[in-house]
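> Give the three-dimensional model of this entry:
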Amino acid sequence: MPRSAHKQNRSQPQGSGELRIIGGQLRGRKLSVADVPGLRPTTDRVRETLFNWLQFELQGQRCLDLFAGSGALGFEALSRGADLVLMIEKDTKAARLLSQHAQTLNAASHGSALVQPGDALQFLRQQPAAPFDVVFIDPPFRMGLAEHCCQLLEQYRWLHAGSWVYVETEQEWQGHAPPHWRLHRDKNAGQVSYQLYQIEESA
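Numbers count the residues shown, from 1 in each chain. Alright, predicted model coming up:
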């Protein structure tokens, strides 16, 4: 996705573009975006729809942002009342910039964003100390990563009955969610398809 260059004060974290938090306590904050090939921030339009779907589900919740990238989803969740947002990002440059943003935004919010550099699939291959309430999956397109994440979330028990999982993929994605993931809402925007699932008790 093309990103226009913009002038920045030298004291600000450096990036190749910027995004804006669109709702909640941190509304209007602008965050620079790392210059990383293939990095594709979730658009304002899609974020607005998603967080309207989740508007009553974020307060005091634990959120996991896989493939955090620009931080568009994780920081939006923090702004809207999440207690903890754990952000996983493989690219070193992007993770470093996310950490700088988290330090600034944590001081201005009631919750806390933590950034863990590393591969999302490797990260999911462990048992969490506690399951998460909301998970965002927005991986690079056409690499089969979304379905693999869904499988690992199940296998290693990252979720509980009632958890929400957001999946953003290429429009032609043919992946399948586990049977007890109930599709709550879904929509297309341009070349992007996005779905919100709620986890039900497994049989």
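> which residues touch Pro139?
Leu66, Phe67, Ala120, Leu145, Ala146, Cys149, Thr169 (CB atoms under 8 Å, 6 or more residues apart in numbering). (C-beta placed from N, C-alpha, C; glycine too.)
> Give me the nearest residue to the second one, chain neighbours excluded.
Spatial nearest neighbour of Phe67, chain neighbours left out: Pro139 (4.5 Å); criterion: CB to CB, 6 or more residues apart in numbering.
> and the one you found, that's in a helix?
No. Looking at Pro139 with DSSP: H, G, I helix; E, B strand; the rest coil, it is coil, so not inside a helix.
> pLDDT on the strand ranked longest in the chain, on average?
Ranked by number of residues, the top strand in the chain under DSSP state E is strand 159-170. Strand 159-170 carries an average pLDDT of 97.
> Just checking: what are the partner strands of it?
The strands that strand 159-170 pairs with in its sheet are strand 132-137 (parallel), strand 192-199 (antiparallel) (by DSSP bridges).
> Can I get the first one as CSV, trimmed to CA atoms?
What follows is strand 132-137 as a C-alpha-only set of coordinates in CSV (Å, rounded to 0.1, in the frame of the first residue of the first chain):
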residue,chain,number,x,y,z
PHE,A,132,-7.0,-13.9,25.7
ASP,A,133,-10.4,-12.2,25.3
VAL,A,134,-9.7,-10.7,21.9
VAL,A,135,-7.2,-11.8,19.2
PHE,A,136,-6.4,-9.9,16.0
ILE,A,137,-5.0,-11.9,13.1
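> Can you tell me what sits against it?
54, 57-58, 61-67, 73-74, 77, 82, 86, 146, 149-150, 153, 158-160, 162-168.
> Now the one helix or strand in the chain whose mean pLDDT sits lowest: buried residues?
Least confident helix or strand of the chain, by mean pLDDT, DSSP states H and E, is strand 17-20 with a mean of 93. For strand 17-20, the neighbour count (16 or more other CB atoms under 10 Å) marks Gly17, Glu18, Leu19 as buried.
> So which of those is the closest to Gln100?
Using CB to CB, Glu18 is the member of these that lies nearest Gln100, at 13.4 Å.
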